[in-house]
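Student: Quick check, what structure comes out for this input:
(one chain, ligands or ions: 2)
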Amino acid sequence: MTPLTTRGFHHITMVSRDAVRTLAFYGELLGLNLVKRTVNFDDPGAHHLYFGDEGGRPGTIVTFFEWPHAQPGHPGVGGVHHLALGVATAEAQLKWKRRLMDAGLQVSGPLDRGYFKSLYFADPDGQILEIATAGPGYAIDEAPDALGQELLVPPAERMPAGRDEQAIAAATHPEPVPTVSEDMKLQGIHHISGITADLERASDFYAEALGLSLVKKTYNQDDGKIKHYFWAHYDGENVAGNSSYTLFGWPGSRDLARAGAGQTHHFAFRANDDDDQAAWREHLLSMDVEVSQVMDRTYFRSIYFNAPDGQLLEIATNGPGFAVDESVESLGSELQLPPWLEPRRGEIQSALSPLA
Ligand SMILES: [Fe+2]
Ligand SMILES: [Fe+2]
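Tutor: Residues are numbered from 1 along each chain as shown. Ligands and ions are numbered 1, 2, ... in the order given. Got it, this is the predicted structure:
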């Protein structure tokens, strides 16, 4: 049997109070492609917008449920703290800083995290976002074939007391950046960072349930008392893109995440196909993890379960993909409904807030 090891993320789903505002922010400002407009299949009164790269490749997909009356949530144990989207270079990252600041956003960074550089801001609902550089990667302080072996203390210059805050604040691109140039294109989920009350338990779970490898054990570079662990798809030599999941450890904390607007609802890892997913479901059941039936999401099939801290997780199949009900060229241009909701199109469409 092939070992059950995910290749990385499939998508992340967040909560928006205003689909038009979300479309403007992620579509126009961040330059992501709207690859599907549909409804929440479990709640057809709510928009479900999918953004991604041009074809909506798994690992690049960022989706939103629109719940106009959702209360604001907050990060905490069992939830996601922030989502990082990838960018190729530090130069392009500075262009992002200029573009976002010119749009009136509060932006901090770029901070040198060693393994990548990070720029922070928030979306209109308050979801904390990061734009992180692709490199230099996890092998700067451990051998590439021996990642995650030791608990590493970050060097003083990467910690708050060692930073030149003025220089960081001043760093930006010299010219306005009115369009998202080719070099700025966001490359999908660079990492997702959450919070756990028990890093060791989480480590065992993500290894056993998803086949993720611990690739870095270090401390939070904004608060050196907090441990920060990184997992990814790692073959012993290379760490796969779109696969890094990180957790801050708040040992024994009962400060739980609160679901709501500006928070992540859940995120999904990839299964190769239906057989892979079925084997995974059996595997999770054998671990005594409660797992849903396979759900047909039209563009992929899904199973859902919770991590020990409560984080809602999904395993989604790579296929069939977003071109199953509209052509690649017209992805996201019209409301698409699954066959079982199609007879209610008129009613559903008139109840949704207009998108444009
Ligand atoms: Fe991050
Ligand atoms: Fe999902």
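Student: Every contact and neighbour count from this point should use C-alpha atoms.
Tutor: Noted.
Student: which element is the nearest residue to residue 58 once chain neighbours are set aside on?
Tutor: Nearest-residue entry for residue 58: residue 10, 4.5 Å, with adjacent residues in sequence omitted and distances by C-alpha to C-alpha, 6 or more residues apart in numbering. Secondary structure here is read from DSSP states H and E; on that basis residue 10 sits in strand 9-16.
Student: any idea how far the nearest residue to residue 193 once chain neighbours are set aside is from residue 72?
Tutor: If the residues on either side of it in the chain are set aside, residue 193 comes closest to residue 246, at 4.5 Å by C-alpha to C-alpha, 6+ apart. Plainly put, residue 246 is 23 Å away from residue 72 if you go by C-alpha to C-alpha, to the nearest Å.
Student: so where is the stretch 101-250 of the chain shaky, pLDDT-wise?
Tutor: Flagging of the stretch 101-250 of the chain using pLDDT under 70 yields an empty set of residue ranges.
Student: starting at the chain centroid, how far to the helix or strand harbouring residue 64?
Tutor: With the criterion set as DSSP H and E, the secondary-structure element containing residue 64 is strand 61-66. A distance of 10 Å separates the centroid of the chain from that of strand 61-66, by C-alpha atoms, centre = their mean, to the nearest Å.
Student: repeat for stretch 293-312
Tutor: Distance of stretch 293-312 from the chain centroid (C-alpha atoms, centre = their mean) equals 15 Å.
Student: start at 30 instead
Tutor: In the new numbering, first residue 30, that becomes stretch 322-341.
Student: any chance you could map the strands in the stretch 80-229 of the chain?
Tutor: Ranges of strands in the stretch 80-229 of the chain, per DSSP state E, counting those that start in this stretch, are 90-95, 109-116, 137-141, 146-151, 157-162, 218-225.
Student: neighbouring strands for the last one, and are they parallel or not?
Tutor: For strand 218-225, the pairing partners within the sheet under DSSP bridges are strand 109-116 (antiparallel), strand 273-278 (parallel).
Student: For residue 156, find the nearest of the ones you listed.
Tutor: strand 109-116 (7.0 Å; C-alpha to C-alpha).
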